[in-house]
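> sequence plus the predicted model coming up.
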Amino acid sequence: MSKGKVGNAVESLGEYLKEQRVTARLSLRQLAEQAGVSNPYLSQIERGLRKPSADVLQQIAKALRISAEQLYIRAGIVSPEDGVGGSVEIAVLNDTGLTERQKQSLLDVYSSFLALNSAQSPDESTTPS
């Protein structure tokens, strides 16, 4: 059975996190403690078995002293393609006043608007209704 886009993103994220952790000379236990997540959960993320939330990615990024945005891209939360929408997506993900569910809902709506606009001709997308 082949993995879908999300499965590949999670696996790539896990490999990247492990590489960053080893480079930072942190044990799995040390990183888990610094990021405020359980050791087994972090292990599952590194092995590509779990997809962490944006908040967990932010905590891990802070502990590793790396860019949270890079982790969002590797997790498939933010798309680097053409630079479209990245800043909006990152702003939503970093908003501490929203729950994870609210963040995901906003990102889904935003993504659907982008898809709709790209499917329309340039004249249609700029004409007010």
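Yep, it's here. Numbering: from 1, shown residues only.
> please give me every residue in contact with the closest residue in space to residue 69 that isn't next to it in sequence.
Leaving aside its sequence neighbours, residue 69 sits nearest to residue 90 (C-beta to C-beta, 6 or more residues apart in numbering; 5.6 Å). C-betas here are computed from N, CA, C, even on glycine. Residues in contact with residue 90 (C-beta atoms under 8 Å, 6 or more residues apart in numbering) are 69, 72, 78.
> now residue 90, what are its backbone angles?
Main-chain torsions, residue 90, degrees, to the nearest 10: phi -60, psi -40.
> quick check: pLDDT value at it.
Note on residue 90: pLDDT of 80.
> can you give me the distance of it to residue 68?
Distance of residue 90 to residue 68, computed by C-beta to C-beta, to the nearest Å: 8 Å.
> residue 21 against residue 31, yeah?
Yes: contact criterion C-beta atoms under 8 Å: residue 21 and residue 31 qualify, at 5.1 Å.
> list residues touching both of these two?
Counting by C-beta under 8 Å, 6+ apart, the shared contacts of residue 21 and residue 31 are residue 64.
> what confidence value was assigned to residue 97?
pLDDT at residue 97 comes out at 88.
> quick one: it from residue 91, how far?
For residue 97, the distance to residue 91 equals 12 Å [C-beta to C-beta].
> of these two, who's got more company?
Comparing residue 97 with residue 91 by other C-beta atoms under 10 Å, the one with more neighbours is residue 91, at 10 against 5.
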